[in-house]
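[1] got a predicted structure plus its sequence, pasted below:
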Amino acid sequence: MIEEQARVVAIEDEYALVETQRKSTCESCSVNKGCGTAVVSKVFGRSALQLRALNHINAKVGEYVVIGIDERWLLKGSFAAYIIPLVLMLLCAGIGEMIGERLWGVEAEGATIVGAALGLSAGFFWLRRYTQKLRQRNVCQPEILRSVRSETPIEFKRKPALNMRD
């Protein structure tokens, strides 16, 4: 289970709208000053991210909780999002090239490009249908695992107010 701390900002039926802070590992990396990813991370900052999570523990608004998602679904989702469209694009590009050679007798780059575009489009269409089915079944939905009662998570600690008398 991949876990993250969050704050409940709203309740919707059996779901809770939770807010987490985006994290970047760039601060701990030794080459972050010359890395393009670090520059992008600095531009977008550490803004809050809101998402729906199953609220099995009946968490209340303002409460700090630990949310989790099964890592198997994260791996399956990554595979579906990256590999399937890429494989379909390459497969259809090869089919387009074979069709172009058979019809025109020469290498037809246009047929290859059209085949690749159709394959990539088919991959994205399949991905959209696949994610809709997963959403309906609630199989990869984040869920609230437990409440964090003892201390405020580090991501949400606010800077102390300056005392003007000091």
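    Alright, I've got the coordinates.

[2] how close does residue 122 sit to residue 68?
    Distance from residue 122 to residue 68, counting by C-beta to C-beta, to the nearest Å: 33 Å. All C-beta atoms are positioned from the backbone trio N, CA, C, and that covers glycine.

[3] helix or strand with the lowest mean pLDDT in this structure?
    Least confident helix or strand, the chain: helix 36-44 with a mean of 60, by mean pLDDT, DSSP states H and E.

[4] following the longest helix seen in the chain, which helix or strand comes up?
    Of all segments of type helix in the chain, defined using DSSP state H, the longest is helix 71-104. Where DSSP states H and E defines the elements, the next helix or strand beyond helix 71-104 is helix 109-137.

[5] now do the longest helix of the chain against helix 109-137, angle only.
    Going by axes from the mean of the first three to the mean of the last three C-alpha atoms, to 10 degrees, helix 71-104 is angled at 150 degrees with respect to helix 109-137.

[6] buried residues in helix 71-104?
    By neighbour count on 16 or more other C-beta atoms under 10 Å, the buried set for helix 71-104 is 77, 80, 84-85, 88-89, 92-93, 95-97, 100.

[7] may I have the strands that pair with the longest strand anywhere in the chain, each with its orientation?
    The longest strand of the chain (DSSP state E) is strand 2-12. Using DSSP bridges, the strands paired with strand 2-12 are strand 15-21 (antiparallel), strand 64-69 (antiparallel).

[8] kindly report the domain assignment for this protein.
    1-25+45-70+140-160, 71-139 (automatic domain parsing).
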